[in-house]
Structure formats: C-alpha cells, structure tokens
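>>> how would this look folded up:
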Amino acid sequence: MPSDGGFRMTNIPTELLRTLLTVVDLRSFTKAAQKLGVTQPAVSAQIKRLQFLLGFDLLDKSAPGVSLTEKGGTVVNQARRLLAINDQIVALARTARGGRTMRFGLPGDFVGLPLWQSLATFRARWPDVRLHMKTGCSSMLLHELEQGDLDVVVGMTAPHPHDMACHNWREELVWVRGPMAPLDPKQPLPIVSRGESCLFHRHMVAALEGAGRPFDIVFTAGHLDELSRAVAAGLGMTALTRTLAGASLIYDDTGLPRLADVACSICAGPEADPALRDELIALLAETLAPSVPLALPVKPAEGRAAARAGMQSVA
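Numbers count the residues shown, from 1 in each chain. Modelled structure (predicted):
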C-alpha cells in the first residue's frame, strides 16, 4: 500500500468501517453496494480510501472472493466493537430527543414528484417524526424489513404478494422500445436491463428462454432513468410495467412471449408504530396505485392470506 506521506491520522470515518463490514459479511462488493444503496465503484473507492488511511491492505488480493489479510481481520473485529458503541450512543441521543423515526424503503422506480408530495403531506401531519427513506432492489429491501432494519417497504415480487403485505396490487409487465428501435426476427433480440438482481430482468430472460427466442444483453443500466433513455434512443428493448413506462416508449409485444405479471406489495414490520404505519401505508397506496380502491390496512401479522383477500383481485 502507498504511504500516507507522514500524515498523522486521528479519526477513521465510520462510514468506511460500515462499508468494510458490509463487504465482509456479504462476501461480495456487488451485494454490499445493493444493501448500502450505492454503486459498486463507490464501495470499491471507500475500501481503497480506508486502506490508504490505514497504510496497509485489508483484503487479500491473491485469494478468491473476499478474503481478509491478517491485519484486515483485526480491523474488522475492532470495527464491530467501535460501531456497536457508536450505535449505542446514537440510540441514546434519539431517546433523549424523544422523537420517532419511520424507516421505509422502495425501489427507485417509484421515486418521483407524487411520492415527494405524499411524504410532505405525511411530514405535515407528523412534524415530530423523522423519515428515513432508502431505495434499492425489492429483494434487498424486503430482507431488511424481515430483519427489522426497515419499518415499511414497497416491493415487487412474483407471482404472489409478499407474506408481510398490508396492501398489494398487480402490475402488467410489457415489452417496450423506442420509436427508432428496429426489430429483426432473424437477429438476437437486443435487451436493455438493470442486471440479474432486477425482477424485470429475470422475467424477460425466463420468457425469452421459454420461447426459444435468442437475445443479447446489449446494455446494463443502473437506474430507471438510464434504462428509459437507452431504450428511447433505440439501443434495445426492455420490460416495464405500464405504470412505469413513459409516453416516449412504445408498447410492442408483437412476436414476443408474454411476460408474467408482478405483484406490488406495501409491507410493514411488526415493530412499526401502528398510527404512523397505517397513515404512511395509506398514502403510499394512494400515490403508487391510484387506480386501486383502498381497503383498510391489515395487521402485518395476518400475513399473505389477509393481503390476498384484500387487493389481489385488482388487475
């Protein structure tokens, strides 16, 4: 590792230590980036910065996967202790302020002006509540909900709503392309995707492989805006729900296999404040599925059976 040139370090940024622990615990830079809600290059940059500050390697580059050096193992053990104390102090400060926090997550697909307006309405109703919003893939957010790290999550699953769904509705998944995108049935279908962790990607691949239709992943986008611009420019086709597809894209499934629908679920953890939970769920349901007639929220413990009895019949 390069020397720090005589710089005397007195503090280590805790966010760098959290990133290191996430990479080690998940044994993957990609999975760590998904959990932290950042890009993989950002995770790599944080690890490099931490190594630069310390002046030695933390990860053994000669070993496959994520493997710690001897000093790296020591740093990880000490980092766990340090962050545990840090989190205890933060918890004490939160208790002293007497404020409440609502932690919720949703895929970035749903983020837009209507969502911000709904959150502003929620804040006006509950001015003492701090909102912590996290975006990421549905599977990661739902896992964090199950682990108790989030209170409310909007997630997309298939074929059924999530077990902890309080509200759910179905979305039709359709093939979309830009106006200049040519379709040559003799050539592999050019596909624009957001990677294997994306539910839409898995539906596209399953449908095309089931139909024996050759395809080629020509571009992988990180966010919905990037994907939409790539498709609109004619790079290839992709799959989106009718709700998410914009007016600049063309619904075109001629000659292509039908895509499976997705279930959108608004889920809540058992530890969430009931009053805050119910109002946030109602606002999210009205905003994200405006055509869906709202039912009264059910308790998370009632699980999938109650969710299906509520809104699953809505197309």
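
>>> from Ile47, how far off is Phe56?
According to C-beta to C-beta, to the nearest Å, Phe56 and Ile47 sit 13 Å apart. Where you see a C-beta, it was placed from the backbone N, CA and C, and this is true even at glycine.

>>> those two: which has the busier surroundings?
Ile47 (19 against 12; other C-beta atoms under 10 Å).

>>> which residues touch the more buried one?
Taking C-beta atoms under 8 Å, 6 or more residues apart in numbering, we find Ile47 in contact with Leu16, Thr19, Leu20, Val23, Leu58, Leu59.

>>> got those residues as TSV, with distance to Leu145 and neighbour count columns?
As requested, those are exported to TSV (distance: C-beta to C-beta, whole Å; neighbours: other C-beta atoms under 10 Å):
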residue	distance to Leu145	neighbour count
Leu16	26	19
Thr19	22	24
Leu20	24	23
Val23	22	25
Leu58	30	22
Leu59	30	18
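
>>> let's have these in JSON lines, adding pLDDT and secondary structure.
Shown next, in JSON lines, are the contacts of Ile47 (pLDDT from 0 to 100; DSSP: H, G, I helix; E, B strand; the rest coil):
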{"residue": "Leu16", "pLDDT": "92", "secondary structure": "helix"}
{"residue": "Thr19", "pLDDT": "93", "secondary structure": "helix"}
{"residue": "Leu20", "pLDDT": "93", "secondary structure": "helix"}
{"residue": "Val23", "pLDDT": "92", "secondary structure": "helix"}
{"residue": "Leu58", "pLDDT": "94", "secondary structure": "coil"}
{"residue": "Leu59", "pLDDT": "92", "secondary structure": "strand"}
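
>>> from these, which is closest to Leu288?
Thr19 (30.6 Å; C-beta to C-beta).

>>> distance of the closest residue to the closest one other than its chain neighbours from Val153?
Counting by C-beta to C-beta, 6 or more residues apart in numbering, Thr19 lies nearest to Gln46, which is 4.4 Å off, once chain neighbours are set aside. Gln46 is 25 Å from Val153, where distance means C-beta to C-beta.

>>> which stretches of the stretch 51-200 of the chain have low pLDDT?
90-99, 182 (pLDDT under 70).

>>> mind listing the helices for it?
Here the stretch 51-200 of the chain has its helices, by DSSP state H, counting those that start in this stretch, at 70-97, 113-125, 138-146, 199-211.

>>> can you give me the neighbour number for the closest residue to Ser67 other than its chain neighbours?
Leaving aside its chain neighbours, Ser67 sits nearest to Asp60 (4.4 Å; criterion: C-beta to C-beta, 6+ apart). A total of 15 residues lie near Asp60 under the criterion other C-beta under 10 Å.
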